[in-house]
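Enquirer: output the structure for:
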Amino acid sequence: MINLALLYTRQSRPISVAAILDIFESVNNFNAIKQLPPAFSIQLLNNGDTITVHEKYQTVNTADAQKPDVILIPAFNSMADMEEAVRSNHSFIPWIQQQCRQGAEAASFCTGAFLLAATGLLNGKKATTHVMATGSLSRAFPDVMVQGDDVLTCDDGIYTSGGATNTFHLLLYLVEKYCGRDAAVQIAKMFSIDMDRDRQNYFATFLPEKNHNDPLVATVQQRMESAYAQSATIEEIVGDIPSSRRNFVRRFKHATGITPIEYLQRTRIEGAKKLLEKTNQSITEIMFNSGYNDLKSFRQLFKKGVGLTPKEYRDKFQASNS
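Expert: This next block holds a predicted model:
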């Protein structure tokens, strides 16, 4: 039997906790139907007073917990400040570190990656999180190899998942690892999960960092967002900026996390996505209206940035006949 330790963290997202419990309980229920012993023992752990969760589980203090095989860190509430969420759960960190030194594995789901990263266990390892939080994770933990497009990562017994429904893909991965492919397929069918999805970038929306105190960078950001539909180059956009190109690129990346060229490309791609969703313009028209003038290049850049071709993206996300 695999001992699972699900951390009942402060500011945890209830649906994340529920999804994790539901999947592993379902595996145990299938085993019971087959007159097999349960595959998983599940503990909910906290570092405070005992709490009753879902009328079935009472939390256990980490000091009294069974030795875990796998530590599970759920997502934080979508409105939570990640820095504060990590700070309020800091008491879990030494325990996680100790258990992993003794052979336990650890898995984070969605923004739970911030707490896992704070342990240092992700340093030098690949990790993912909610597609909208990857930039924040990179800035907060520069030693982590953030793979923002990935649905899940597995690196030497440390696992992470992307956001929202990507939680289920990591859960299926763990079920398959410990119970076999047949069990994972059975769970996938029960929960209507498309197995083996490996990308999440087509769910992303480019929300650039603007909470900085560099007015020069803010000016260029505004110019790009106003002029992205024109086929202006970076040189044309920043030509009159009172700074050397090298110094400005350094300042821009420090403030936003990406280079000016990448910022302009992502702004244009985001504009193209909106046109694909909301209009019936042809792909060629959308190309021109997004600031591109070469169809092959546009398709390649779109596929690289979004993970789908423009047509595939429209088929998936366009509202009914605009």
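
Enquirer: tell me who's in contact with D194.
Expert: A188 (Cβ atoms under 8 Å, 6 or more residues apart in numbering). To be clear about C-beta, it is placed using only N, CA and C from the backbone, and glycine gets the same treatment.

Enquirer: and it, how far from E312?
Expert: 15 Å (Cβ to Cβ, to the nearest Å).

Enquirer: please apply the same query to V175.
Expert: In terms of Cβ to Cβ, V175 sits 29 Å off from E312.

Enquirer: so those two - more neighbours on which side?
Expert: Taking other Cβ atoms under 10 Å, V175 and E312 do not tie; V175 has more neighbours (23 against 15).

Enquirer: tell me if that one really is in a helix.
Expert: Yes. Counting by DSSP: H, G, I helix; E, B strand; the rest coil, V175 falls inside a helix.

Enquirer: D155 contacts L121, doesn't it?
Expert: No. Using Cβ atoms under 8 Å, D155 is not in contact with L121, being 9.6 Å away.

Enquirer: between the two, which has more neighbouring residues?
Expert: L121 (23 against 15).

Enquirer: where in the stretch 201-322 of the chain is pLDDT low?
Expert: 201-205, 231, 319-322 (pLDDT under 70).

Enquirer: list the residues that contact Y159.
Expert: Per Cβ under 8 Å, 6+ apart, neighbours of Y159: 105-108, 152-153, 170, 173-174.

Enquirer: look up the residues forming beta bridges with it.
Expert: Counting by DSSP bridges, Y159 is bridged to A107, C154.

Enquirer: can you map out the helices along this structure?
Expert: 14-33, 82-88, 92-101, 113-118, 134-140, 166-179, 181-191, 215-227, 234-238, 245-256, 260-278, 283-289, 295-306, 310-317 (DSSP state H).

Enquirer: just the buried residues of the first one, please?
Expert: Which is helix 14-33. 16-17, 19-24, 26-28, 30-31 (16 or more other Cβ atoms under 10 Å).

Enquirer: report the angle between it and helix 181-191.
Expert: Helix 14-33 and helix 181-191 are oriented at 120 degrees to each other (axes from the mean of the first three to the mean of the last three Cα atoms, to 10 degrees).

Enquirer: list the contacts for the residue nearest to I241 when sequence neighbours are not counted?
Expert: With Cβ to Cβ, 6 or more residues apart in numbering as the criterion, I241 has its nearest non-adjacent residue at 5.8 Å, and that residue is F248. Each residue near F248 by Cβ under 8 Å, 6+ apart is listed here: 216, 220, 238, 241, 260.

Enquirer: just L275 next, same as before
Expert: 281, 286, 289-290.

Enquirer: could you find the closest non-adjacent residue to V86?
Expert: Closest to V86 by Cβ to Cβ, 6+ apart is A118, at 4.9 Å.

Enquirer: from G112, how far out is the one you found?
Expert: 11 Å.

Enquirer: sweet, I'm off.
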